[in-house]
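**Student:** here's a sequence, model it:
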Amino acid sequence: MGMAYPTQRWTAEMVRTLPDDGKRYESVDGELLVTPAPVRRHQRMVGRLFRLVADYVEQHGLGEALCSPADIEAGERTLASGSAP
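**Tutor:** Residues are numbered from 1 along each chain as shown. This next block holds a predicted model:
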């Protein structure tokens with residue numbers, strides 16, 4: 001038996017209309033990917049890593065390190081989301 005193919009191709013705009021329910025919604029080449037929100041331990045480690053990177057960037061005058069949710073859109077059918085610590 002073959003694998004079923006999704007009939008709907010998701011666009012970045014369609015993903016942006018999904019509910020803010022703590023899950024992470026992304027579209028990769030039109031396929032919708034859903035993952036649970038990160039756990040506390042993960043967020044703690046992201047925060048520590050961010051502080052290290054931000055301090056380094058500031059000390060060396062390399063620009064500005066930002067930590068916030070961000071969408072990275074790579075074409076109409078690919079939207080990757082990043083989350084904040």
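**Student:** residues in contact with the longest helix along the chain?
**Tutor:** When the chain is parsed with DSSP state H, its longest helix is helix 40-59. Outside helix 40-59, the residues that touch it by Cβ atoms under 8 Å, 6 or more residues apart in numbering are 38, 62-65, 67, 85. All C-beta atoms are positioned from the backbone trio N, CA, C, and that covers glycine.
**Student:** among those, which two are most distant?
**Tutor:** The distance between the two most remote of the contacts of helix 40-59 (Cβ to Cβ) is 26.6 Å, for Pro38 and Leu62.
**Student:** compare neighbour counts for the two and give me the winner.
**Tutor:** Pro38 (16 against 10; other Cβ atoms under 10 Å).
**Student:** quick one: the more buried one is in a helix?
**Tutor:** No. Applying DSSP: H, G, I helix; E, B strand; the rest coil, one finds Pro38 to be coil, outside a helix.
**Student:** ok, it to Gly47 distance?
**Tutor:** 11 Å (Cβ to Cβ, to the nearest Å).
**Student:** Pro36 now?
**Tutor:** 19 Å.
**Student:** mind showing which ranges of the protein have poor pLDDT?
**Tutor:** Residue ranges of the chain with pLDDT under 70: 1-6, 68-70, 81-85.
**Student:** show me where it has strands.
**Tutor:** Here the chain has its strands, by DSSP state E, at 24-28, 31-35, 70-73, 79-82.
**Student:** closest to Ala12 out of these?
**Tutor:** Closest among the strands of the chain, using Cβ to Cβ: strand 79-82, at 3.7 Å.
**Student:** these two touch, right, Asp29 and Thr78?
**Tutor:** Yes. The pair Asp29 / Thr78 is scored as a contact, 6.0 Å apart, by Cβ atoms under 8 Å.
**Student:** who has more neighbours, the two?
**Tutor:** For Asp29 versus Thr78, the count of surrounding residues by other Cβ under 10 Å is larger for Thr78: 18 against 10.
**Student:** so who does the more buried one touch?
**Tutor:** By Cβ under 8 Å, 6+ apart, the residues touching Thr78 are 12, 27-30.
**Student:** and the gap between it and Gly30?
**Tutor:** 8 Å.
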